[in-house]
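[1] What would the 3D arrangement of this be:
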Amino acid sequence: MTAPRRLLASAPRVVTVGAGLLQEALEAQAVETVPVAWRPPLPGTGEALAAVLADPRREQANAMAVSRLTSALPQLVGVRRASDVLDLPERTFLHAGPPIAWERASGPLRGALVGAMLLEGYADDEQDAEARLASGRVRLEPCHHHATVGPMAGVVSPSMWMFEVRDAEHGGTAYCSLNEGLGKVLRYGAYGPEVIDRLRWMDRVLGPALSAALALTGPIDLRALIAQALQMGDELHNRNRAATSLLLRELAPAVVDAAPGSASEVLRFVNGNDHFFLNAGMAAGKVSTDAARDVPGSSLVVAMARNGTDFGVQVSGLGGRWFTGPAGVPDGLYLGAYGPEDANPDIGDSTITETSGLGGFAMAAAPAIVRFVGGEVSDAVAATRSMYEITLAEHPAYQIPGLGFRGTPVGIDVTLVARTGLLPVVNTGIAGRVAGTGQVGAGLVNPPAEAFTSALLALADSAAQNL
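    From the prediction side, this is the model:
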């Protein structure tokens, strides 16, 4: 009887789970509580989750996939024209996100496609461009299907210059267009004369100068540069100021030597665009996640992307299949007189940063990001901490000083998303919903749960077929 008497003599302790209302009521009565962080799994995933967790391939497959992702060594090796490095059939444009046709395209994607038609001389004016696009005479394909990523609308046309990034560890290559700057730019759906003039200058001056400079510098280690930028306050999606400065340091002497006649305007352009590094970083993310593709049985997410209408994910063990749901409107801060009613749903391939352990997953490294996307510094730290619950690893090179140099959470696992109900955190720019508007703000957004639920069901089918 001794043990029961001791239990009765001690103060009662209550384990609380879920909503905090019970815990608060008990604490108000001076009752000691033991809160447990628990969330129900995503609705309708129970049987599929059990099937995937029982797949004997899963554990080893995920270990292989995430190891390949975190061991990738992305290097910037060149700047080349899209027509020279991408398989672009005539009258074909690439776009961000999963596949979509003109009929379902959002305003900013339509605006960027119109701008690309004018840039390439495929149309005489806006009305002619829209008519040709609506007729089906122009082919639209996702950037991801061509080892490419594109920010926001993500439109790539033949005359655009691309960052070329190679994985020195696994041998893959990925591409991303050059960053135009902020405001009225093609990637946000603007296509006025100033947008086209800037793109033509990039084709005529910026691309050739950077290409010649990289021929002198040789490969630039983007993994090391990203790691350093994280320790200087960037998260590499919506804050790239340190990374851009570091890249400029690498390139500036070579730009002066390789293109003395245009060096001044090229360096001013890069120096005046804090997001210039973003596109190189996106290609680094793409080549890293591509290294983890096609591992049978793996539930690792290798791509998250949005086209302004749909949000799609791809999973290592499921090949090139897309699993989609409706793209949400980000919650954030707006420019000038713009507000939520002006915002288009989430758009762009830049979620490759989150997929590779950066962006929203690394916000604890960039407390100043909250001044751009909203919230408090504690929110940024909490966002990063929560992402450890749905990822398979901590990145060995990408570390966060404020968390004791803990590696960023990396390797989103569909089963962990389903089990916890936690969705990836994405920080992003916000495009105006009307074609031609440009950027209207920046903020945070979560993917639709449907994308992960449908991916889990497909993994369950794969597991059943493997029995």
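[2] contacting residues around the closest residue to Ala215 other than its chain neighbours?
    Closest residue to Ala215 apart from its sequence neighbours, by Cβ to Cβ, 6 or more residues apart in numbering: Ala258 at 7.0 Å. To be clear about C-beta, it is placed using only N, CA and C from the backbone, and glycine gets the same treatment. Counting by Cβ atoms under 8 Å, 6 or more residues apart in numbering, Ala258 touches 209, 212-213, 215-216.
[3] Whichever of the residues you listed end up buried, select them in ChimeraX.
    With 16 or more other Cβ atoms under 10 Å as the criterion, this ChimeraX line picks the buried residues out of the contacts of Ala258:
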select :209,212,213
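[4] distance of the spatially most central residue of the chain from Ala147?
    A centroid search over the chain (Cα atoms, centre = their mean) returns Thr351, at 1.2 Å, as the residue closest to the centre. Per Cβ to Cβ, to the nearest Å, Thr351 is found 17 Å from Ala147.
[5] what does Val302 give?
    For Val302, the distance to Ala147 - Cβ to Cβ - is 13 Å.
[6] Which one of the two is surrounded by more residues?
    Between Val302 and Ala147, Val302 has the larger neighbour count (other Cβ atoms under 10 Å), namely 29 against 18.
[7] show me where pLDDT drops low in the stretch 51-200 of the chain?
    Within the stretch 51-200 of the chain, no range satisfies pLDDT under 70.
[8] in it, which spans are strands?
    Assigned by DSSP state E, counting those that start in this stretch, the stretch 51-200 of the chain shows strands spanning 74-81, 92-95, 139-142, 148-149, 161-167, 173-177.
[9] again with the stretch 351-467 of the chain
    391-400, 406-412, 426-431, 439-445.
[10] Measure how the last one sits relative to strand 426-431, angle-wise.
    Here strand 439-445 runs at 160 degrees with respect to strand 426-431, directions being taken by axes from the mean of the first three to the mean of the last three Cα atoms, to 10 degrees.
[11] about what we covered before: give the residues shared as contacts by Val302 and Ala147.
    Joint contacts of Val302 and Ala147 (Cβ under 8 Å, 6+ apart) are Asp290.
[12] rewinding a little: how near is the residue nearest to Ala215 to Glu32?
    From Ala258 to Glu32 the distance is 69 Å (Cβ to Cβ).
[13] gap between the two ends of stretch 202-212?
    Start-to-end span of stretch 202-212 (Cα to Cα, to the nearest Å) is 14 Å.
[14] now that stretch: mean pLDDT?
    Average pLDDT, stretch 202-212: 98.
[15] Other residues contacting it?
    78-81, 159-161, 178, 180, 251, 254-255, 258-259, 262-263, 265-266, 269.
[16] Pull out the buried positions in that stretch.
    202-203, 205-212.
[17] quick one on the thing from earlier: please name the nearest non-neighbouring residue to the residue nearest to the centre of the chain.
    Met304 (4.1 Å).
[18] helices or strands up against the helix or strand that neighbour falls within?
    Using DSSP states H and E, Met304 sits in strand 301-307. On a contact count with 3 or more Cβ pairs under 8 Å, 6 or more residues apart in numbering; DSSP states H and E, strand 301-307 meets helix 276-290, strand 310-315, strand 347-348, helix 352-355, strand 406-412.
[19] Nearest to Gly443, out of these?
    For the helices and strands packed on strand 301-307, the distance to Gly443 is smallest for strand 347-348, at 12.7 Å, taking Cβ to Cβ.
[20] Can you say which of the contacts of stretch 202-212 are buried?
    Buried among these by 16+ other Cβ under 10 Å: 78-81, 159-161, 178, 180, 251, 254-255, 258-259, 262-263, 266, 269.
[21] What does the closest residue to Val149 other than its chain neighbours show for phi and psi?
    Leaving aside its sequence neighbours, Val149 sits nearest to Asp349 (Cβ to Cβ, 6+ apart; 3.9 Å). Backbone torsions of Asp349, given as degrees, to the nearest 10, read phi -90, psi 0.
[22] Asp349 contacts His95, correct?
    No - counting by Cβ atoms under 8 Å, Asp349 sits too far from His95 to count as a contact (9.0 Å).
[23] Now do the shared contacts for these two.
    The contact lists of Asp349 and His95 share 143, 150, 154, where a contact means Cβ under 8 Å, 6+ apart.
[24] hang on, Leu416 packs against Ser386?
    No - Leu416 lies out of contact with Ser386 (Cβ under 8 Å); the separation is 11.4 Å.
[25] what sits in contact with each of these two?
    Common neighbours of Leu416 and Ser386 (Cβ under 8 Å, 6+ apart) are Leu422.
[26] quick revisit: show the contacting residues for the residue nearest to Thr351.
    311-313, 351-352, 354-355, 412, 424, 426, 447.
[27] so what's it bridging to?
    Val313 (DSSP bridges).
[28] Now for Gly325, how many residues are close by?
    So Gly325, with other Cβ under 10 Å, has 17 neighbours.
[29] ok but it is inside a strand, no?
    Yes - the assignment for Gly325 (DSSP: H, G, I helix; E, B strand; the rest coil) places it in a strand.
[30] what about Leu300, distance to Ala112?
    Applying Cβ to Cβ, the value for Leu300 to Ala112 is 30 Å.
[31] Looking at these two, which is more packed in?
    Using other Cβ under 10 Å, the more surrounded residue of Leu300 and Ala112 is Ala112, with 35 against 30.
[32] How about that one, nearest residue that isn't a chain neighbour?
    Per Cβ to Cβ, 6+ apart, closest to Ala112 is Ala153, 3.6 Å.
[33] Check the gap between that neighbour and Ala215 for me.
    Ala153 is 30 Å from Ala215, where distance means Cβ to Cβ.
[34] ok so, going back, list the contacts of the residue nearest to the centre of the chain.
    Contacts of Thr351 by Cβ under 8 Å, 6+ apart are 304-306, 359, 424, 426, 428.
[35] Which one of the residues you listed is nearest to Leu86?
    When the contacts of Thr351 are compared against Leu86 (criterion: Cβ to Cβ), the nearest one is Ala305, at 17.0 Å.
[36] isn't that closest one right up against His144?
    Yes - contact criterion Cβ under 8 Å: Ala305 and His144 qualify, at 6.1 Å.
[37] Need the overlap of contacts for those two.
    Asp349.
[38] average pLDDT across stretch 363-373?
    91.
[39] Give the buried residues for it.
    Within stretch 363-373, the residues scored as buried using 16+ other Cβ under 10 Å are 363-367, 369-370, 372-373.
[40] can you give me the offset of it from its chain's centre?
    Centroid displacement of stretch 363-373 relative to its chain, using Cα atoms, centre = their mean, to the nearest Å, is 16 Å.
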